[in-house]
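Peer 1: Dropping a prediction and its sequence here:
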Amino acid sequence: MGFFDRLFGKNKHKDDCDCGCKEHAAKEKKPAAEKKAAVKAAPQAAPPKEFVNPLDAFPLLPGAPPGGKLKLAVYWAAGCGGCDVSLLDTNERILTIGDMADIVMWPIASDGKEKDIAAMKDKEITVSIINGAVRNTENEHMVKLLRQKSLLVVSYGTCACFGGSPALANLVPGGKDEILDYVYRQCPSMKDFQDKQKAAVLPQTSVKTNDGVITLPELYDVVKSLDQVIDIDYSIPGCPPTQESIAQLLAAVAAFAYKGEALPPKGTMVGVSNKTLCEECPRKKESRRITKIVEPHEIDVDPELCLMDQGILCLGPATVGGCGAKCTRAAQPCRGCYGPTSVVSEHGSSIFTAIASLFPVLDKDPTCGEADIIEIMSSVKDPLGYFYAFTMSKALIKRSVVEKKKGGQ
Ligand code: SF4
Ligand code: SF4
Ligand code: SF4
């Protein structure tokens with residue numbers, strides 16, 4: 001039985017399957033005639049459901065809006081680029097968006113420059129879609145400029161909404177100096193190179209050349225979410241946002257532009273539900289008490305049972321729904337990219353609380369004492385990185401610090 005069979009829930013052997021694996025070969029085979037009759041009597045399987053692209057609910061745009069074309073800007077701050085690419089999930093509609101709006105800036109796709117944006121009137125851009133967190137001076141300058149020039153700003157993707165993976169840099173106690181030192185001096189691929197230099201080379205934020213001064217943005221010690229730097233109108237979480245979320249955003253903007261309908265209220269989180277991810281996850285919850293924490297690759301994952309019940313740490317209980325439980329359907333735990341529910345401000349501590357309820361301490365069960373719990377939890381590799389994988393910028397304590405002892409140590 002292959003990996004994909006297990007992944008897609010085909011690990012239950014039927015008596016009449018022909019997989020030929022050892023497990024099945026060991027079972028007593030039914031006589032051929034009986035087997036044939038059983039196959040004949042079996043009801044016809046329902047045809048597979050046709051995949052419906054959520055963007056099909058959003059028709060191709062019918063030329064320019066009555067009030068003239070909108071202006072659209074897309075900016076990529078500190079992120080991996082996946083959010084920019086996810087906009088291409090609009091498929092062929094990306095071409096017709098050009099009917100609705102002029103794209104005044106989209107660094108990976110069109111030629112709008114910072115000076116073009118700076119020359120625009122305030123609020124001249126209808127919508128700026130900004131992905132990525134804010135981690136350097138250029139990010140901060142650009143998002144502030146786009147805010148000034150835009151009617152609406154959308155915080156697009158988990159990095160923009162909560163800091164995302166770039167904000168894991170906040171866990172490095174020495175901040176940017178420690179990061180730069182490791183990346184440019186200590187890591188094995190750079191160390192050899194640096195050892196051969198007369199002086200270690202680090203990126204400079206300003207260098208004089210014969211042609212003038214060349215500058216680079218300066219890194220910050222703390223990576224921030226977009227709303228910690230500018231006022232935002234809408235948020236779309238997701239790493240990256242899904243087609244459904246993009247469809248909702250496009251539908252709202254199109255209804256505003258073509259029919260004059262009111263935009264969603266400021267502060268709307270697009271594409272999220274008012275439930276936790278657990279409530280939309282199809283896995284069967286038995287609220288088993290866990291006694292061991294495992295990674296998905298360490299066990300044969302039951303295709304129907306809740307992952308937490310199987311000892312796999314899943315952030316579903318503390319994560320807001322909306323993605324359709326994409327990861328848990330594929331036998332991977334939720335890592336929390338949609339962020340916390342509206343009633344929770346601290347994603348990481350919320351998941352700690354959920355996990356605490358899974359230990360059998362309240363059952364007068366003598367098999368799980370404090371030492372056992374410490375042992376179980378110690379098996380979580382990088383707990384801060386796990387529980388705040390996407391939301392470090394929004395944590396109450398936003399960065400690691402090294403406590404100085406008396407005497408300056
Ligand atoms: S949210 Fe995810 S996909 Fe988007 S920029 Fe951040 S890491 Fe990349
Ligand atoms: S803990 Fe994870 S696997 Fe279990 S029901 Fe919730 S989302 Fe699904
Ligand atoms: S299951 Fe969790 S990590 Fe996966 S897409 Fe949904 S919210 Fe994000």
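Peer 2: Received, thanks. Ligands and ions are numbered 1, 2, ... in the order given.
Peer 1: Isn't Ile117 up against Leu146?
Peer 2: Yes: using C-beta atoms under 8 Å, Ile117 is in contact with Leu146, at 6.7 Å. Every residue, glycine included, has its C-beta placed from N, CA and C.
Peer 1: which neighbours do the two share?
Peer 2: 73, 105, 125 (C-beta atoms under 8 Å, 6 or more residues apart in numbering).
Peer 1: Just name the closest of those to Phe359, please.
Peer 2: Closest approach between the shared contacts of Ile117 and Leu146 and Phe359, by C-beta to C-beta: Ala73, at 49.1 Å.
Peer 1: For that closest one, give me phi and psi.
Peer 2: For Ala73, the backbone dihedrals (degrees, to the nearest 10) come out as phi -130, psi 140.
Peer 1: what's the neighbour count on it?
Peer 2: A count of nearby residues for Ala73, using other C-beta atoms under 10 Å, gives 28.
Peer 1: got it, and Lys326?
Peer 2: 14.
Peer 1: Ile290 now?
Peer 2: Counted with other C-beta under 10 Å, Ile290 comes out at 18.
Peer 1: can you tell me which residues contact it?
Peer 2: Taking C-beta under 8 Å, 6+ apart as the criterion, Ile290 is in contact with 308-309, 311, 358-359, 376.
Peer 1: Ligand 2 versus Asp181, what's the distance?
Peer 2: Distance, Asp181 to ligand 2, by C-beta to the nearest ligand atom, to the nearest Å: 38 Å.
Peer 1: per-residue confidence at whichever residue of the stretch 51-200 of the chain sits closest to ligand 3?
Peer 2: Of all residues in the stretch 51-200 of the chain, Thr158 sits closest to ligand 3, at 7.8 Å by C-beta to the nearest ligand atom. On pLDDT, Thr158 comes in at 98.
Peer 1: Test my guess that it contacts Thr242.
Peer 2: No: the pair Thr158 / Thr242 is not scored as a contact, 11.7 Å apart, by C-beta under 8 Å.
Peer 1: which of the two has more neighbours?
Peer 2: It is Thr158, of Thr158 and Thr242, that has more neighbours when counted by other C-beta under 10 Å, with 33 against 20.
Peer 1: need the contact list for the more buried one.
Peer 2: 164, 237-240, 337-339, 390.
Peer 1: Just the buried ones out of those, please.
Peer 2: Buried members of the contacts of Thr158, counted by 16 or more other C-beta atoms under 10 Å: 164, 237-240, 337-339, 390.
Peer 1: Quick check: the two most widely separated of those residues?
Peer 2: Every pair of those checked by C-beta to C-beta; the farthest is Pro240 and Gly339, at 13.8 Å.
Peer 1: circling back: out of the contacts of Ile290, name the two that are farthest from one another.
Peer 2: Greatest spatial distance among those (C-beta to C-beta): Asp309 and Ile376, at 14.8 Å.
Peer 1: sorry, back to before: considering only the buried ones among the contacts of Thr158, which also neighbour ligand 1?
Peer 2: Restricting these to those touching ligand 1 (C-beta under 6 Å from any ligand atom) yields 164, 239-240.
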